[in-house]
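S.K.: Fold the following and give me the result.
(chains A and B)
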Number of protein chains: 2
Amino acid sequence: MTYCVGLRLDAGLVMLSDTRTNAGLANISRFGKLFHWERPGNRAIVAMTAGNLSITQGVITALDTACRRASAGEDVECLLNCESMWRAAQLASEAMSVQQKRYRDQLEAQGAGADAMIILGGQREGGAHRLFLLYSAGNFIETTPDTPFFQIGEHKYGKPILDRVIEPATPLPVALKAAFVSMDSTLRSNLSVGMPLDLAVIHAGEMKVSTRRRIEADDEEFSQISNAWSEALRQGFSSVPEVTTA
Amino acid sequence: MTYCVGLRLDAGLVMLSDTRTNAGLANISRFGKLFHWERPGNRAIVAMTAGNLSITQGVITALDTACRRASAGEDVECLLNCESMWRAAQLASEAMSVQQKRYRDQLEAQGAGADAMIILGGQREGGAHRLFLLYSAGNFIETTPDTPFFQIGEHKYGKPILDRVIEPATPLPVALKAAFVSMDSTLRSNLSVGMPLDLAVIHAGEMKVSTRRRIEADDEEFSQISNAWSEALRQGFSSVPEVTTA
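M.R.: Numbering: from 1, shown residues only, chains lettered A, B, ... in the order given. Predicted coordinates for the structure are as follows:
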């Protein structure tokens, strides 16, 4: 499985993914699921993927190939030259549809799943920073102030803290902490989600990927947050009154 | 869906279930999923069910019918006269197998699911208090000191707090609080789980259902725990250091 969370705050975008993939429990591998495309000053786009790895790699390869052809001078529409973030989401969803049409029937005939999902976010010059969730069918939705985050993969363990904490006005350092805590809860309870993590942050208006880093299992800051959260939960739980009427 | 959690502590058993069932989102009903059988001083058994409601109602009806026939003087083995808790789990799993054989093919032919799960726990005179998890196939497993709790239904939201807090030595009031908090997290994040709740507690060695109560949406104690936990999470989250290196 996978766990990726994307947050769309007033202050920018936070994207955090794990790196574990598995075909059954005995076949566990590490694959990055966070990708970015950037023309600093003009635009920055980040995508995270979940689901059938051959499908999502096909999508990312198609998106990359278009960008390479465009930068070599060909007249090709791609993430780095398209007219809006909405169109960028559409390009990714078109690439998803191509993959689904090519492989879905054969995959299902063999009992495998072709489902895949993508969180795609970014900002281009002259537009707002936006965050989209793309489905296997090629359709997609966008965050709103009511629901400023998307999760894909093993989303349930890490949802309660996001439900409680994240709103559009949440500052980036707090949103990052919430993403880390959400990931930490998922890592603890589900073996199919694993370190290292990939993190990308886009500050609103900067038109660049402000932060892009890999967080290894021994990362000091992540460990500190993980331990502090454990301790806070333990103390918080102690502070809740006990059930006396049972 | 459903959420039920059963805890097997040294001090006894805690069983907590919601009461919501749904066929799609537009067809939501309230059905109790917690059942008990009792011969005070001799034994107390509690079961909670999840999955296809027609299947689980069939199982509970079969178990009840056997008890009624036995108490009417017939020579029938039932939960209230069987020789061990292990045998009680076996009787429930046999009832599950009967239901599965009768309906599974037709259900699946119509695209419906026949899966169902049962948490069954209790204690009889002369034996330890034990907690079992029964699967659709009729097989079952038992808690061990390493894993002293079972969850069925929407188990993911409420698992992190149990993973952190529950161990065999956990006192009953703390275990009850953990069950409430686990249920509260699930209620908040998943619409298919809903109030009221059903609670049963069996104190080790008492051979009776010590507590059996319905917790309505306006229950003062549950609200108090829910609010205190919200506040503790908020404060705990604030106390975790913010991410500064991003």
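S.K.: Please make it C-alpha for all contacts and neighbour counts, starting now.
M.R.: Will do.
S.K.: Could you double-check that residue A:170 sits in contact with residue A:7?
M.R.: No - the criterion here is Cα atoms under 8 Å, and residue A:170 misses it with residue A:7 at 9.9 Å.
S.K.: More neighbours: which of the two?
M.R.: Using other Cα atoms under 10 Å in any protein chain shown, the more surrounded residue of residue A:170 and residue A:7 is residue A:7, with 31 against 18.
S.K.: That one: what's its closest spatial neighbour, skipping adjacent residues?
M.R.: Excluding the flanking residues, the one nearest residue A:7 by Cα to Cα, 6 or more residues apart in numbering or on different chains is residue A:149, at 4.4 Å.
S.K.: Test my guess that the one you found contacts residue A:5.
M.R.: Yes - using Cα under 8 Å, residue A:149 is in contact with residue A:5, at 7.2 Å.
S.K.: Residue A:37 looks like it's in a strand, true?
M.R.: Yes - counting by DSSP: H, G, I helix; E, B strand; the rest coil, residue A:37 is located in a strand.
S.K.: Identify the residues contacting it.
M.R.: Residue A:37 sits next to A:44-46, A:79-80 when contact means Cα atoms under 8 Å, 6 or more residues apart in numbering or on different chains.
S.K.: Make a markdown table from the residues you listed and add neighbour count to it.
M.R.: Shown next, in a markdown table, are the contacts of residue A:37 (neighbours: other Cα atoms under 10 Å in any protein chain shown):
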| residue | neighbour count |
| --- | --- |
| A:44 | 26 |
| A:45 | 27 |
| A:46 | 24 |
| A:79 | 26 |
| A:80 | 23 |
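S.K.: Of these, which is the nearest to residue B:109?
M.R.: Distance to residue B:109 across those (Cα to Cα) is lowest for residue A:46, with 43.1 Å.
S.K.: What number of residues are in the vicinity of residue A:193?
M.R.: Neighbour count of residue A:193, defined by other Cα under 10 Å: 25.
S.K.: show me what contacts residue A:117?
M.R.: A:49-51, A:133-136, A:152.
S.K.: Which of those residues are buried, as a ChimeraX select command?
M.R.: Those of the contacts of residue A:117 that count as buried under 16 or more other Cα atoms under 10 Å in any protein chain shown are selected in ChimeraX with:
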select /A:49,50,51,133,134,135,136,152
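S.K.: Of the contacts of residue A:117, which is the nearest to chain B?
M.R.: residue A:152 (14.5 Å; Cα to the nearest Cα).
S.K.: Show me what the one helix or strand the closest one maps to is packed up against.
M.R.: In the assignment (DSSP states H and E), residue A:152 maps to strand A:149-153. Strand A:149-153 makes packing contacts with strand A:3-9, strand A:43-51, strand A:116-124 when contacts are defined by 3 or more Cα pairs under 8 Å, 6 or more residues apart in numbering or on different chains; DSSP states H and E.
S.K.: Take those and lay them out in CSV including mean pLDDT.
M.R.: Below are those laid out as CSV (pLDDT from 0 to 100):
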stretch, mean pLDDT
strand A:3-9, 98
strand A:43-51, 97
strand A:116-124, 98
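S.K.: Tell me where the model's unsure across chain A.
M.R.: A:25, A:245-246 (pLDDT under 70).
S.K.: Which residues of it lie near chain B?
M.R.: Counting by Cα under 8 Å from any Cα of the partner chain, chain A comes close to chain B at A:156-160, A:163-165, A:173-174, A:176-177, A:185, A:188-189, A:201, A:211, A:221, A:224-225, A:228-229, A:232-237, A:239-244, A:246.
S.K.: Quick check on these: which are buried?
M.R.: A:156-160, A:173-174, A:176-177, A:185, A:189, A:201, A:221, A:225, A:228-229, A:232-234, A:236-237, A:240-243.
S.K.: Out of the residues you listed, name the ones that lie in helices.
M.R.: With DSSP state H as the criterion, helices contain A:159-160, A:173-174, A:176-177, A:185, A:189, A:221, A:225, A:228-229, A:232-234, A:236-237 from among those.
S.K.: CA-only coordinates of stretch A:229-239 in CSV, if you can.
M.R.: Provided in CSV are the C-alpha atoms of stretch A:229-239 (Å, rounded to 0.1, in the frame of the first residue of the first chain):
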residue,chain,number,x,y,z
TRP,A,229,3.4,13.1,19.8
SER,A,230,3.6,9.7,21.6
GLU,A,231,4.3,11.4,24.8
ALA,A,232,1.5,14.0,24.2
LEU,A,233,-1.0,11.2,23.5
ARG,A,234,0.0,9.4,26.6
GLN,A,235,-0.3,12.5,28.8
GLY,A,236,-3.5,13.6,27.0
PHE,A,237,-5.0,10.2,27.5
SER,A,238,-4.1,10.2,31.2
SER,A,239,-5.8,13.6,31.5
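S.K.: what does that stretch rub up against?
M.R.: Everything outside stretch A:229-239 that qualifies as a contact, by Cα under 8 Å, 6+ apart, is A:181, B:164-165, B:228-229, B:232-233, B:235-237, B:239-240.
S.K.: and which of the residues you listed is nearest residue A:26?
M.R.: residue B:164 (26.3 Å).
S.K.: how far out from the middle of the chain is the lengthiest helix in chain A?
M.R.: With secondary structure taken from DSSP H, chain A has its longest helix at helix A:85-109. Helix A:85-109 sits 18 Å away from the centroid of its parent chain (Cα atoms, centre = their mean, to the nearest Å).
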